[in-house]
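[1] Let's see this in three dimensions:
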Amino acid sequence: MRDTLQVPRKHVERIGGEDQEEWEHKLGAWIGNQRSRAATLTPERMEKLSAIGMRWS
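    As a prediction, the model looks like this:
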């Protein structure tokens, strides 16, 4: 699971389905923003992101 957060910056996830409105989430940008804000994230947030495989560099 360690490779799951190696997402290109322009990657967009589309969420929704047949019965639901489709939403676009700019996952790549969000992950990049979390990395660039690492110094200001709470220790709990850093721990949770690290637990799911966040690469900080």
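[2] three-state assignment of the residue nearest the centre of the chain?
    By Cα atoms, centre = their mean, the chain has its centre lying nearest to I31, at 3.7 Å. Going by DSSP: H, G, I helix; E, B strand; the rest coil, the secondary structure assigned to I31 is helix.
[3] so how far is L5 from it?
    For I31, the distance to L5 equals 6 Å [Cβ to Cβ, to the nearest Å]. Just so you know, the C-beta spots here come from the backbone N, C-alpha and C atoms, and that holds for glycine as well.
[4] Quick check: neighbours shared by these two?
    Contact criterion Cβ atoms under 8 Å, 6 or more residues apart in numbering; residues shared by I31 and L5: M54.
[5] returning to that earlier point: now the residue nearest to the centre of the chain. Nearest residue, chain neighbours left out?
    Once flanking residues are discounted, I31 sits nearest to V7: 5.3 Å by Cβ to Cβ, 6 or more residues apart in numbering.
[6] in a strand, that's where the one you found is, yeah?
    No. Counting by three-state DSSP, V7 falls outside a strand, being coil.
[7] check contacts around the residue nearest to the centre of the chain.
    Residues in contact with I31 (Cβ under 8 Å, 6+ apart) are L5, V7, M54.
[8] of the residues you listed, buried ones?
    Buried members of the contacts of I31, counted by 16 or more other Cβ atoms under 10 Å: L5, M54.
[9] nearest to K26, of the contacts of I31?
    Closest approach to K26 among those (Cβ to Cβ): V7, at 10.2 Å.
[10] Tell me, how many residues neighbour S57?
    Number of residues near S57 (other Cβ atoms under 10 Å) recorded here: 4.
[11] circling back: quick check, the residue nearest to I31 in contact with G28.
    Yes. Between V7 and G28 there is a contact at 4.7 Å, judged by Cβ atoms under 8 Å.
[12] who's sitting farthest from the centroid in the protein?
    The chain, farthest from centre, Cα atoms, centre = their mean: D19 at 25.5 Å.
[13] any idea how far Q20 lies from L27?
    Computed as Cβ to Cβ, the Q20 to L27 distance reads 18 Å.
[14] Number of residues surrounding E13?
    By other Cβ under 10 Å, 12 other residues sit near E13.
[15] and it, what does it touch?
    For E13, the contacting residues are E24, H25, L27, by Cβ under 8 Å, 6+ apart.
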